[in-house]
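Trainee: A predicted structure for the sequence below; I have some questions about it.
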Amino acid sequence: MGRSFKSIPVIAACMLTVIFAVLCLTVFAMLTLSTQKADQRLSDASAQAVKNYYAADSKAEKVLSDIRNGITDESVTEKNGVYSYACQIDDTQSLEVEISKNGDKYEILKWQAVSTTQWNADQTLNVYKGK
């Protein structure tokens, strides 16, 4: 005895449901994988930025120590007791430092990461002008 024809639509519906579920799981797995890769790239870029900043900060501290010991190189400028220098963080930022000397005391006036790239404002404004 064979199957009845009434059970075939039920089997087909179950197969379609299983195929749809597998397809959905595959799509979700691919989305999860692409999100993880994007997060990994962001984490790597963030870690590199922090590493670059602290390398520049360490170099700036070394220059400050040299200034306190009376040693200055060509990167340090002095004007009216204010020493200024910059340490490159990366190709778009530098750490700018200004130190004031009053007798034996040194005061940090500026210790700031600044952009070294030229900012170009977008002068275009697309406004609807009608027909």
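Mentor: All right, it came through fine. If you're wondering where the values come from, they're calculated on a predicted model, not measured in any experiment.
Trainee: in the protein, which spans are strands?
Mentor: 77-79, 82-88, 93-102, 105-115 (DSSP state E).
Trainee: how many neighbours does the closest residue to residue 68 other than its chain neighbours have?
Mentor: Nearest non-adjacent residue to residue 68, counting by CB to CB, 6 or more residues apart in numbering: residue 106, 6.3 Å away. For glycine as for every other residue, the C-beta is placed from the backbone atoms N, C-alpha and C. Residues near residue 106, counting by other CB atoms under 10 Å, number 15.
Trainee: Just put the strands of the chain in CSV and tack on distance to residue 66 and mean pLDDT.
Mentor: Formatted as CSV, the strands of the chain follow (distance: least, CB to CB, whole Å; pLDDT from 0 to 100):
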stretch, distance to residue 66, mean pLDDT
strand 77-79, 13, 92
strand 82-88, 10, 95
strand 93-102, 11, 94
strand 105-115, 12, 94
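Trainee: Tell me how far residue 51 lies from residue 19.
Mentor: To residue 19, residue 51 is 48 Å away according to CB to CB, to the nearest Å.
Trainee: Okay then, goodbye and thanks.
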